[in-house]
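S.K.: Would you be able to build a 3D model of this:
(one chain, ligands or ions: 1)
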Amino acid sequence: MKHYSIAIDGPAGAGKSTVARAVAKELTFIYVDTGAMYRAMGLYLSEYFSDTSNVEQIAKKVLNAEISITYENGEQQVLLFGKNVNDQIRTEKAGNLASLFSTIPAVRTKLVQLQQQLAKKESVVMDGRDIGTKVLPNADLKIYLTATTKERAKRRFTELCDKGVSITLDEIEQDIIKRDQLDMNRTESPLCQAADAIYLDCSKLDACEVTKQIIEWFQERKELVAD
Ligand code: DC
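M.R.: Numbering: from 1, shown residues only. As a prediction, this is how the structure comes out:
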């Protein structure tokens with residue numbers, strides 16, 4: 001049986017995970033949040049390293065890292081050495097650590113392998129930074145989802161305020177700018193639009209409109225593949 005794959009890449013705060021989760025639910029595919037894996041790895045490595053200067057030592061630690069994925073009620077759970085770290089990885093700090101340590105080639109090699117294994121077993125909607133360019137170069141549909149920096153900051157601010165996190169809009173915007181800078185300019189698999197990805201600016205669209213659009217595009221592609 002053919003396994004389908006939809007790749008959604010884009011910068012922090014564009015709404016990738018909300019949309020990817022909704023698309024996966026609608027199509028009964030598995031949603032793979034690759035950022036969560038980088039967050040778990042960042043959390044683990046930050047126990048031993050405060051920066052990325054010692055690439056060789058970091059690479060050795062990466063070899064020992066045990067990161068795995070399970071699903072509970074359709075929700076992805078990330079296990080670090082068998083312990084569920086889903087709550088711990090959802091902080092701004094964990095996002096920044098993920099961005100920092102994701103520049104290390106050994107980190108990427110290990111997590112890309114895990115992501116590719118998941119996509120071999122199931123139909124997936126996978127979101128991240130390098131899904132269309134590196135992880136699933138033959139994905140059935142590739143989307144590059146983005147929004148203005150201001151809009152992304154506003155969305156993340158609302159999300160964090162709802163969770164009771166005390167942070168200013170300006171702090172979030174600065175974080176997003178720094179994260180874009182790091183994710184787009186690293187040597188290894190930087191964030192960029194795959195040549196065959198559809199560019200979608202969702203600054204003026206809500207998550208439902210984006211989800212609907214992606215599903216429509218996917219159905220069109222599926223028909224073409226079936227022909
Ligand atoms: O999507 P997110 O905010 O959870 O991702 C956290 C960081 O992890 C992101 O800033 C860069 C890194 N990342 C990556 O390098 N490649 C991916 N496929 C996903 C995330």
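S.K.: Return the distance of Leu160 relative to the ligand.
M.R.: Leu160 sits 13 Å away from the ligand, going by Cβ to the nearest ligand atom, to the nearest Å. Bear in mind the C-beta positions are built from the backbone N, C-alpha and C, glycine included.
S.K.: Ignore what I typed, I meant Arg179.
M.R.: Taking Cβ to the nearest ligand atom as the measure, Arg179 and the ligand are separated by 5 Å.
S.K.: for that residue, what are its contacts?
M.R.: Taking Cβ atoms under 8 Å, 6 or more residues apart in numbering as the definition of contact, the neighbours of Arg179 are 11-12, 95-96, 99.
S.K.: change it to 7 Å
M.R.: Counting by Cβ atoms under 7 Å, 6 or more residues apart in numbering, Arg179 makes contact with 12, 95-96, 99.
S.K.: Quick check: residues of this structure near the ligand?
M.R.: In this structure, the chain approaches the ligand at residues 12, 34-35, 38-39, 95, 98-99, 102, 128-130, 179, 183, judged by Cβ under 6 Å from any ligand atom.
S.K.: got a list of what Tyr48 touches?
M.R.: Taking Cβ under 7 Å, 6+ apart as the criterion, Tyr48 is in contact with Lys61.
S.K.: hmm, who's touching stretch 56-64?
M.R.: Stretch 56-64 is contacted by residues 45, 48-49, 52, 104, 106-107, 110 when judged by Cβ under 7 Å, 6+ apart.
S.K.: for those residues, which one is nearest the ligand?
M.R.: Closest to the ligand out of these is Val107 (8.4 Å), distances taken as Cβ to the nearest ligand atom.
S.K.: looking at it, the closest one is touching Met41, isn't it?
M.R.: Yes. With contact taken as Cβ atoms under 7 Å, Val107 and Met41 are classed as touching, separated by 5.6 Å.
S.K.: so what sits against both of the two?
M.R.: Where contact means Cβ under 7 Å, 6+ apart, the residues bridging Val107 and Met41 through contact with each are Phe101.
S.K.: follow-up on the earlier one: now the buried members of the contacts of stretch 56-64.
M.R.: Among these, those classed as buried by neighbour count (16 or more other Cβ atoms under 10 Å) are 45, 49, 104, 106-107, 110.
S.K.: so which two of the residues you listed are the farthest from each other?
M.R.: Phe49 and Lys110 (15.7 Å; Cβ to Cβ).
S.K.: Need the nearest residue in space to the residue nearest the centre of the chain, chain neighbours excluded.
M.R.: The residue lying closest to the centre of the chain (Cα atoms, centre = their mean) is Gly128, at 2.8 Å. In this structure, Gly128 finds its nearest non-sequential neighbour in Thr34, 3.6 Å apart by Cβ to Cβ, 6 or more residues apart in numbering.
S.K.: what about Asp170, how many neighbours?
M.R.: For Asp170, the neighbour count with other Cβ atoms under 10 Å is 10.
S.K.: Okay, it and the ligand: tell me how far apart.
M.R.: According to Cβ to the nearest ligand atom, Asp170 and the ligand sit 19 Å apart.
S.K.: any idea which helix or strand comes after the helix or strand that contains that residue?
M.R.: Secondary-structure element containing Asp170, defined by DSSP states H and E: helix 169-185. Downstream of helix 169-185, the next assigned helix or strand under DSSP H and E is strand 198-201.
S.K.: hmm, back to that, test my guess that the residue nearest to the centre of the chain contacts Asp9.
M.R.: Yes. Here Gly128 reaches Asp9: they are 6.1 Å apart, a contact under Cβ under 7 Å.
S.K.: What segments of this structure are helices?
M.R.: Along the chain, the segments classed as helices by DSSP state H run 16-27, 34-45, 55-64, 92-101, 105-121, 149-162, 169-185, 207-226.
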